[in-house]
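Asker: Output the structure for:
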Amino acid sequence: MMADYLLFASERYALPILQPLAQALQAQGHAVHAWLVDGAAGASLPAPVRMIGLREAVALRPRAVFSAANWVPTFVSGAKVQVFHGFNVEKRSDERGHFRVRGMFDLYCTQGPATTAPFQALAAQAGHFAVIETGWPKLDPLFRDDDGAAAALRAPANGRPVVMFASTFTERLSAAPHLFDAIAAEVARGDRYWLLTLHPKCAPELFERYRALAGANARFFETEQLVAAQRAADVLLADTTSVVSEFVVQRKPVVTFRNRAPKPHMLDFDDPARLPQMLAQAFAPSTELMASITAYGDAIHPYRDGHSSERVIDATEALLQGDLGRLRRKPLSSWLRALQIRRELGYWGRGG
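Answerer: Numbering: from 1, shown residues only. You can find the predicted model right below:
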């Protein structure tokens with residue numbers, strides 16, 4: 001039976017997370033609608049996803065709302081499902097970061113054992129949400145490349161090794177300002193091809209500098225092409241961005257600059273002058289490094305079949321059918337947060 005489902009996002013980088021989910025829902029014959037606010041406002045998902053606004057979202061009365069933000073408007077009807085906007089990269093403490101529970105979601109679809117166990121412990125304590133390990137919809141195309149986007153990004157390399165650079169927007173953690181000159185020198189040398197991108201919230205002047213490197217030896221790509229670029233690249237250069245974890249899931253080496261919590265699967269360094277040396281290590285990884293990469297990838301996202309979106313849909317249906325048990329009422333704090341969301345969105349009407 002066809003049903004209406006709502007995709008919710010507050011940042012542009014959520015679009016590649018929601019798009020595979022939209023495709024899976026459509027393949028099952030459902031109608032998919034998207035409500036994008038704040039930093040995602042003005043963006044869109046490809047047709048036949050229907051873009052709607054606040055009042056349409058309320059009137060829609062969707063069967064479920066899938067959120068790639070850390071919040072969701074609770075006055076919209078339907079099961080509230082958290083699909084996450086990134087991996088846990090330890091930018092913040094657990095209480096403020098990845099494992100913060102705000103009392104708004106009915107179901108958490110976790111990415112792998114490293115996040116499943118902590119959320120199951122939280123669920124056992126709170127009782128007002130369920131947890132199912134599904135894998136992450138964003139990574140479905142990482143193992144499929146159905147549209148040839150990765151091959152197209154790699155084609156200009158003409159057989160050269162491909163390095164991808166990505167950076168977080170958090171100023172104290174960002175590698176972009178510190179590595180520009182070293183990256184520019186590598187691009188100019190031309191023995192490798194570069195795929196360059198920045199977090200959408202990075203400073204405009206940084207975007208200008210990195211875009212200017214585009215040419216025969218480099219290309220600057222947008223957030224929507226992030227997964228295709230990860231598939232196309234052989235090695236990643238980054239910092240504390242969650243792209244590091246996404247890339248490692250492919251069992252490929254990563255070089256990190258001043259990572260906040262360096263791990264054995266990373267080649268971390270703190271002096272820009274060492275960039276050539278670090279890249280050389282990444283392109284000739286040791287057996288020990290590859291073992292660490294594999295172990296970490298299995299812990300955070302063991303699914304390599306490209307069907308995490310379908311597992312999210314199945315988990316949501318199990319919740320709606322009552323197969324995951326009866327949930328407790330949401331805590332008082334969630335009702336207070338719901339009032340804040342109404343005020344921020346300017347909506348005081350009845351819920352869906």
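Asker: drop to CA atoms for contacts and neighbour counts, all remaining ones
Answerer: OK.
Asker: Now for the residue nearest to S174 when sequence neighbours are not counted: which residues touch it?
Answerer: Nearest residue to S174, sequence neighbours excluded (Cα to Cα, 6 or more residues apart in numbering): T168, at 5.3 Å. If you count contacts by Cα atoms under 8 Å, 6 or more residues apart in numbering, T168 has them with S174, A175, L198, H199, C202, D239, T240, T241, S242.
Asker: In three-state terms, label V255 for me.
Answerer: Recorded secondary structure, V255: strand (DSSP: H, G, I helix; E, B strand; the rest coil).
Asker: What residues does it make contact with?
Answerer: Contact partners of V255, counting by Cα under 8 Å, 6+ apart, are V235, L236, L237, A238, M266, L267, D268, F269, M278, L279, A282.
Asker: From these, which land in strands?
Answerer: Residues of the contacts of V255 located in strands (DSSP state E): V235, L236, L237, A238, M266, L267, D268, F269.
Asker: with the residues you listed in mind, which one is nearest to A124?
Answerer: Set against A124, the nearest of the ones in strands among the contacts of V255 by Cα to Cα is M266 (33.2 Å).
Asker: Next up, the contacts around Y5.
Answerer: H30, A31, V32, H33, P62, R63, A64, V65, F66.
Asker: If we use 7 Å, what do you get?
Answerer: A31, V32, H33, P62, R63, A64, V65 (Cα atoms under 7 Å, 6 or more residues apart in numbering).
Asker: now, which of those residues lie within strands?
Answerer: Among the contacts of Y5, the ones falling in strands (DSSP E) are A31, V32, H33, A64, V65.
Asker: quick one: which of the residues you listed is most hemmed in?
Answerer: V65 (28 neighbours; other Cα atoms under 10 Å).
Asker: which residues sit in contact with that residue?
Answerer: So V65 contacts Y5, L6, L7, F8, G78, A79, K80, V81 (Cα under 7 Å, 6+ apart).
Asker: partner residues bridging it?
Answerer: Here V65 sits in beta bridges with L6, K80, going by DSSP bridges.
Asker: Can you pull out the low-pLDDT segments for the stretch 51-200 of the chain?
Answerer: 89-98 (pLDDT under 70).
Asker: Could I get the full set of helices for it?
Answerer: With DSSP state H, counting those that start in this stretch as the criterion, the stretch 51-200 of the chain has helices at 54-60, 113-126, 149-154, 176-189.
Asker: Would you reformat those helices as JSON lines and include mean neighbour count?
Answerer: Converted to JSON lines, the helices of the stretch 51-200 of the chain look like this (neighbours: other Cα atoms under 10 Å):
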{"stretch": "helix 54-60", "mean neighbour count": "17"}
{"stretch": "helix 113-126", "mean neighbour count": "16"}
{"stretch": "helix 149-154", "mean neighbour count": "18"}
{"stretch": "helix 176-189", "mean neighbour count": "16"}
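Asker: among the ones you listed, which is nearest E224?
Answerer: Between these, helix 149-154 lies closest to E224; by Cα to Cα that is 11.0 Å.
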